[in-house]
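[1] Everything below, folded, please.
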Amino acid sequence: MPDLKYYDVIFKPLMTEKSMSLLEEQTYSFYVHPKATKTQIKEAVERLFNNVTVEKVNTMHTHPKRRQRRGAKPGQTVARKKAIVKLTPGSSPIEYFEGI
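    Below you'll find the predicted structure:
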């Protein structure tokens, strides 16, 4: 298990149509560190955002896709890890996503 601090775990929020539709159910999506565990992601969300309690964390890896050749070598997209975080019904919503 890597030694990650809670502020190193979450990279940025994931803003897609599907993730915006899940906001009503208090489910938020983030890009996270590829070596972060579900427990570390849960701790990071609870410590970074006030009055938030995490109920469940789902993670998935996105594999790189091949792109057109640019010069001598073919390129790839970036391999990332996503986390989908569901909050408990009693917790307050994350303020970062309000008004979007």
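[2] Can you check which helix is longest in this structure?
    Longest among the helix segments of the chain by residue count, using DSSP state H, is helix 38-48.
[3] For this protein, give me the ranges with low pLDDT.
    Residues of the chain meeting the criterion pLDDT under 70: 1-2, 70, 99-100.
[4] and Lys86, bridged to which residues?
    Beta-bridge partners recorded for Lys86 (DSSP bridges): Thr27, Lys56.
[5] What residues sit buried inside the longest helix of the chain?
    Buried residues in helix 38-48, counting neighbours by 16 or more other C-beta atoms under 10 Å, are found at 40-46. Just so you know, the C-beta spots here come from the backbone N, C-alpha and C atoms, and that holds for glycine as well.
[6] Please apply the same query to stretch 17-34.
    19, 26-33.
[7] can you count the residues close to Ala83?
    Neighbour count of Ala83, defined by other C-beta atoms under 10 Å: 25.
[8] Can you tell me the element it falls in?
    strand 80-87 (DSSP states H and E).
[9] what angle do that strand and helix 38-48 make?
    Strand 80-87 runs at 60 degrees relative to helix 38-48, counting by axes from the mean of the first three to the mean of the last three C-alpha atoms, to 10 degrees.
[10] The closest residue to Gly75 other than its chain neighbours in helix, strand or coil?
    Sequence neighbours aside, Arg67 is the residue nearest to Gly75 in space, at 4.2 Å (criterion: C-beta to C-beta, 6 or more residues apart in numbering). In the three-state summary, Arg67 is assigned as strand, counting by DSSP: H, G, I helix; E, B strand; the rest coil.
[11] any idea how far Arg67 is from Thr88?
    Arg67 is 41 Å from Thr88, where distance means C-beta to C-beta, to the nearest Å.
[12] Could you do His33 as well?
    Distance of His33 to Thr88, given as C-beta to C-beta: 24 Å.
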